[in-house]
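Participant: Any chance you could fold what I've pasted below:
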Amino acid sequence: MEHFPWQQFAMVAGAHALALLSPGPDFFLVVRAAMVEGVRRASGVCLGIALGNGVYIALAMAGLAASAGVNGVFITLQWSGCGYLAWMGWRFLRAHGSVEILSDQTDTAPRGAWLMHVGTGFLSAVLNPKNGLFYASLFAVLAGQRTPLAAQAAYGVWMFGVVLLWDVAVAAAVRHPAVMRRFVRSVRTVERMTGVVLLGMAIAVAVNASRH
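Facilitator: Sure thing, here's the model as predicted:
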């Protein structure tokens, strides 16, 4: 362990932490799922998001993510992500009626419902082109510094775990009674704001994709 590049690890961990602190569609999906359906169901979204990040980490380590723009895969990913964000945003904007706030203690949803949440989180992460760009850039730097593959794998495992733990922590935090009381009083406003944010992100992705 004395040969492990701790200074480089601090750089990688710091860059990754800053990226996590920047709210994106994943963040809003976790918050909404936790508030409306409880931490147990939101944990499915969290796992899906971590798995989506894991896909990009694996691709970046294999050197495939950096070449995605050459063969058109990255552009396809951008437009697919744009469509997915727009669809999710439209769903939030069109939602109507009261929302049943579930208790974690009384959550009896079947396993299939939890797996659907995993799929939602996975699609949100894997169709977000910013995730691909971040990991491709980060691992390109590591490759340029001739970082051993074992160290890169350790970084990848660390980042996967941090994404999962961070999202679960966010889900648990928003279930605090004080936060929940405010949410219950303004649930429709929160849903509409989430829809507007997701649609705005979809437009930003579309504008960026149209430039290439």
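
Participant: any idea how far residue 189 is from residue 118?
Facilitator: Here residue 118 is placed at a distance of 28 Å from residue 189 (Cβ to Cβ, to the nearest Å). For every residue, glycine as well, the C-beta is placed using N, CA and C.

Participant: neighbour-wise, which of those two wins?
Facilitator: Neighbours per residue (other Cβ atoms under 10 Å) separate residue 118 from residue 189, with residue 118 holding more: 18 against 10.

Participant: Enumerate every residue touching that one.
Facilitator: Neighbour list for residue 118: 44-45, 47-48, 51 [criterion: Cβ atoms under 8 Å, 6 or more residues apart in numbering].

Participant: Type out the ChimeraX command that picks the buried ones from those residues.
Facilitator: Restricted to buried positions by 16 or more other Cβ atoms under 10 Å, the ChimeraX selection for the contacts of residue 118 reads:
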select :44,45,47,48,51
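
Participant: quick one: the helices in this structure?
Facilitator: 6-21, 25-37, 39-61, 73-94, 111-126, 129-144, 149-174, 177-185, 187-210 (DSSP state H).

Participant: In the protein, what helix or strand scores lowest on average pLDDT?
Facilitator: One helix or strand of the chain scores below all others by mean pLDDT, DSSP states H and E: helix 177-185, with a mean of 68.

Participant: residues making contact with stretch 45-59?
Facilitator: Residues from elsewhere that reach stretch 45-59 (Cβ under 8 Å, 6+ apart): 26, 29-30, 33, 65, 68, 117-126, 128, 131-132, 134-136, 139, 156, 159-161, 163-164, 167-168, 171.

Participant: ok, now with 6 Å
Facilitator: 26, 29-30, 33, 65, 117-118, 120-122, 125-126, 131-132, 135, 156, 160, 163-164, 167-168 (Cβ atoms under 6 Å, 6 or more residues apart in numbering).
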